[in-house]
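1. Here's my sequence, what's the structure:
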Amino acid sequence: MGFKQPSEIAKGMVEIGIKKANLTADKMIILGFLAGAYIGLGGFLAIRVSGNISSDIWGSLQKLVFGAVFPVGLMLVIIAGAELVTGNFMTQTISFVDGKITLKGVLKNWLLVYIGNLLGSLFVAFVLAYKTGLIMETVKLVNASMDLPWASYIVKIANAKVSLNWWEAFWRGVGCNWLVALAVWMAFAAEDIVGKIFAIWWPIMAFVSIGFEHSVANMFFIPLGIFAGSDLRYINLVQMMKAPALKATWESFIVNNLIPVTLGNIVGAGLFVGVVYWYVYLQKKD
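-> Prediction:
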């Protein structure tokens, strides 16, 4: 057959979890940085292609376009090679419950990769999105202009994400990483690059278009909203009542979003994929 069966995937994920646990600390951080950057690039692409599509006119098309291009980030992670903590919430869990790695190994991998993901996401947000001026551009039209449409869009996104209550953020994190872990799971099943791309695209497009919350993506989106919303050019636009004021802060980013979403991501991938498929396919019967 042209793809692996679920039982084969489960065994393969255990082996992957072992390899990830045995990476050196520097490689975990470096590969984590790459994954954070790749997810940030996917997020930046999504903002650029959908940020000036009016939802008042086109309805949910803006969300669909956003979701359609965002998966490039996970494609880069899986195919080029990088360490994404949200995927590792599944691989390390299934390896742990199968008795192949220790809890210390799990936590070390999660912590170092998480730090790397954060650094990579912040790099893309600050250097490639903000300092390049791309997020602060004004669109020139035939008889008018759109003032900072991408900055306004990312500020709206950041404001909305930090305005969720704790349980909303948590459960959106669960739903998101259930789908992300399934994308990783199915990508491993595919035997060729095209198969991996299709396996990744559908679940990632789904979670983004639905509106679920991904901790590493939010390491890019919310800081970028803070950078753009704190810029003097944007503040002047707010004073002219042409853009929404920035409500997101570094504290609300961490407390209102990053913590509950990360915990939800752990449950979504670790429990609903890692533990469930271990129980179905790998648990040794007495």
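2. drop to CA atoms for contacts and neighbour counts, all remaining ones
-> Fine.
3. where does the residue nearest to Ile204 when sequence neighbours are not counted fall, phi/psi-wise?
-> Once its chain neighbours are removed from consideration, Ile204 has its nearest residue in Pro71; the separation is 5.6 Å (C-alpha to C-alpha, 6 or more residues apart in numbering). With angles defined as degrees, to the nearest 10, Pro71 shows backbone torsions of phi -60, psi -10.
4. I'd like to know how far Val261 sits from Val184.
-> As for Val261, its distance to Val184 is 19 Å (criterion: C-alpha to C-alpha, to the nearest Å).
5. Which one's more surrounded, these two?
-> Using other C-alpha atoms under 10 Å, the more surrounded residue of Val261 and Val184 is Val261, with 30 against 25.
6. who's in contact with that one?
-> By C-alpha atoms under 8 Å, 6 or more residues apart in numbering, the residues touching Val261 are 169-174, 213-215.
7. what about it, which helix or strand?
-> Secondary-structure element containing Val261, defined by DSSP states H and E: helix 259-266.
8. ok, and for that helix, which residues are buried?
-> Of the residues in helix 259-266, those scored as buried under the neighbour-count criterion (16 or more other C-alpha atoms under 10 Å) are 259-266.
9. how many neighbours does the residue lying closest to Ser7 once chain neighbours are set aside have?
-> Here the nearest residue to Ser7 in space, its sequence neighbours aside, is Tyr281; by C-alpha to C-alpha, 6+ apart that works out to 5.5 Å. Residues near Tyr281, counting by other C-alpha under 10 Å, number 14.
10. cool, Gly225 as well?
-> For Gly225, the number of neighbouring residues by other C-alpha under 10 Å comes to 27.
11. so when I look at it, I'm seeing a strand, right?
-> No. Per DSSP: H, G, I helix; E, B strand; the rest coil, Gly225 lies outside any strand segment and is helix.
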